[in-house]
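Undergrad: Below are the sequence and a predicted model; questions follow.
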Amino acid sequence: MIHNTAIIDDSAVIADGVDIGPYTVIGANVEIGTGTVIGPHVVINGPTKIGEQNKIFQFASIGEQPQDLKFHGETSRLEIGDRNTIREYVTMHRGTEEDNSLTLVGNDNLFMAYVHIAHDCIIGDHIIFANNATLAGHVVVEDFAILGGFTAVHQFTRLGSHCFTGFATAIDRDVLPYFTVAGNRARARGINKEGLVRKNFQPETIRALQDTFKILVKSKGTLSEKLSRAHELGKNHAEVRHLLDFLDRSERGWVR
């Protein structure tokens, strides 16, 4: 089901069962997996690999050169997994040699209209990017995160699993797993309790994460003292240990 007005480079590898709409352009070194549906007026440049059963809506720009003045045409890649929904005017750029020359997108993600995924970002699975959420380069987003509309994320920042960002949040430091942050600049507001309930987290796990938030953000004392108390909670809760391990790897600091 490839429309006769689509322009497809001879080097592109298109699996059986791919739909490509009218006036779409598929460039060189693009690979598209079976079951993927690409709407009209989409531009995909390579090297880009797109997995199976993705839905890419009209006017998206996928696999374009990065917006990095240090990029001078060297070979870099974009890889997209399976079952992602990429809505209108989404932009995803290839990586740069400053990192691993790779922008990587996982599976089962929703990218709403006008989302921007810059060079060298690493995107996990089951993530929601609301309209106009924007990632600068080298950002890591872990599984099940939710980015509210107009969220803007500084380069080299990490967003932990199951975190939630409010509308028009400006993030310049790491967001810990399970945290809710909001504001310009972002401040920690609590844990993403509603999201955890919807994901069937046990009540005792949610309470332990709430207690961890209170220790790290609300309580008095040095960070070392706070971490010591939080690690006691982590002995019985893997989610708390994950949060603390994430914090321990933070290089930019974290949103408090």
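TA: Looks like it came in fine.
Undergrad: which residues in the stretch 51-200 of the chain form helices?
TA: 193-198 (DSSP state H, counting those that start in this stretch).
Undergrad: pLDDT-wise, which helix or strand of this protein ranks last?
TA: helix 223-234 (a mean of 94; mean pLDDT, DSSP states H and E).
Undergrad: packing partners for that one?
TA: Contacts defined by 3 or more CB pairs under 8 Å, 6 or more residues apart in numbering; DSSP states H and E place helix 223-234 against helix 203-213, helix 238-248. Every C-beta, even on glycine, is put in place using the N, C-alpha and C of the backbone.
Undergrad: Can you tell me what sits against that helix?
TA: Identification of contacts with helix 223-234 by CB atoms under 8 Å, 6 or more residues apart in numbering yields Ala208, Asp211, Thr212, Ile215, Leu216, Ser219, Val240, Arg241, Leu243, Leu244, Leu247.
Undergrad: Please produce JSON lines containing those residues, extended by distance to Ser101 and neighbour count.
TA: Listed next are the contacts of helix 223-234 as JSON lines, based on distance: CB to CB, whole Å; neighbours: other CB atoms under 10 Å:
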{"residue": "Ala208", "distance to Ser101": "40", "neighbour count": "22"}
{"residue": "Asp211", "distance to Ser101": "42", "neighbour count": "17"}
{"residue": "Thr212", "distance to Ser101": "37", "neighbour count": "26"}
{"residue": "Ile215", "distance to Ser101": "40", "neighbour count": "20"}
{"residue": "Leu216", "distance to Ser101": "36", "neighbour count": "21"}
{"residue": "Ser219", "distance to Ser101": "43", "neighbour count": "13"}
{"residue": "Val240", "distance to Ser101": "35", "neighbour count": "23"}
{"residue": "Arg241", "distance to Ser101": "33", "neighbour count": "15"}
{"residue": "Leu243", "distance to Ser101": "31", "neighbour count": "28"}
{"residue": "Leu244", "distance to Ser101": "32", "neighbour count": "19"}
{"residue": "Leu247", "distance to Ser101": "29", "neighbour count": "19"}
